[in-house]
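Participant: give me a model of this one.
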Amino acid sequence: MNQDARLARVLDDEQQRADARVRKFEDELDALTRARRSESDDDEHDPEGVPLSAEWSRITGLLESARSNAAQVEAAKERLADGSYGVCLSCGQPIPVERLEVRPFADRCVPCAS
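Facilitator: Below is the predicted model:
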């Protein structure tokens, strides 16, 4: 298997994981929304652990992060398709394969990303 085919496979695998995370957090947020509708609005004074508002904030942040990751992977797949994958968006130099293997959606070399 050539390097491009291997990286395409890695990106496909990464996309599946990213999409699964998005679905997971969307499902958690939906469940929390349903629970919020059935609970009292005064969850801040609930002695039973974490208030729904805190959980809402936590899950919303995780969902935003998962969506961002999925978008980065999709952008990397588009760069692979148009031939610009593996080229730093800042300096135009090749991104080392070792970096792409660890972070397949990287769009900048390490010096430019720092």
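Participant: in which helix or strand does the nearest residue to residue 56 once chain neighbours are set aside reside?
Facilitator: Of all residues not flanking residue 56 in the chain, residue 32 sits nearest, at 5.8 Å (C-beta to C-beta, 6 or more residues apart in numbering). Placement of C-beta: from N, CA and C, glycine included. Using DSSP states H and E, the element containing residue 32 is helix 3-38.
Participant: for that helix, packing partners?
Facilitator: Packing contacts for helix 3-38, counted by 3 or more C-beta pairs under 8 Å, 6 or more residues apart in numbering; DSSP states H and E, involve helix 52-82, helix 97-102.
Participant: switch these over to CSV; also include distance to residue 91 and mean neighbour count.
Facilitator: Shown next, in CSV, are the helices and strands packed on helix 3-38 (distance: least, C-beta to C-beta, whole Å; neighbours: other C-beta atoms under 10 Å):
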stretch, distance to residue 91, mean neighbour count
helix 52-82, 15, 15
helix 97-102, 14, 13
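Participant: hey, least reliable of these by pLDDT?
Facilitator: With a mean of 90, helix 97-102 has the lowest mean pLDDT of the helices and strands packed on helix 3-38.
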